[in-house]
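**Q** Sequence and predicted structure, then a few things I'm wondering about:
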Amino acid sequence: MTKTIQTQVMHSPTLNTVLMVEKVLQESKELIKIADLKRKLPRKVMHNTLMQILDYLQESGKILITTKGILWIYRSPVELEKLKKGGLEL
């Protein structure tokens, strides 16, 4: 008698899906709840896939996940240079 071993293959989000979520978060100028994020996405994304994307974005320093919602915090190097030039020197 042989035993069948099942392995579960983890599904990875596509680049298009990651970029779609990034765009919605970036365009949101305030904290956004996961339920609101799901409603604003142009197409449906499975909950586990969305959680995987949010984990990636948080680890890469692009978003901050709090108990009140998600906030886009990433600033491009060009934006940072503009902020430095317009800043006050102490």
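**A** Cool, the structure landed. Residues are numbered from 1 along each chain as shown.

**Q** Could you list the low-pLDDT ranges of the chain?
**A** Along the chain, segments meeting pLDDT under 70 span 1-10, 88-90.

**Q** What are the boundaries of the helices in it?
**A** Taking DSSP state H as the test, the helices found in the chain are 15-27, 34-40, 47-59, 77-85.

**Q** which of the residues in the shortest one are buried?
**A** Of the residues in helix 34-40, those buried by neighbour count under the rule 16 or more other CB atoms under 10 Å are residue 37. C-beta here means a position set from N, CA and C on the backbone, and glycine is covered the same way.

**Q** and it, what other elements does it pack with?
**A** If you count contacts as 3 or more CB pairs under 8 Å, 6 or more residues apart in numbering; DSSP states H and E, helix 34-40 packs onto helix 15-27, helix 47-59.

**Q** need those helices in a markdown table with mean neighbour count and distance to residue 66, can you?
**A** Converted to a markdown table, the helices and strands packed on helix 34-40 look like this (neighbours: other CB atoms under 10 Å; distance: least, CB to CB, whole Å):
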| stretch | mean neighbour count | distance to residue 66 |
| --- | --- | --- |
| helix 15-27 | 15 | 13 |
| helix 47-59 | 15 | 11 |
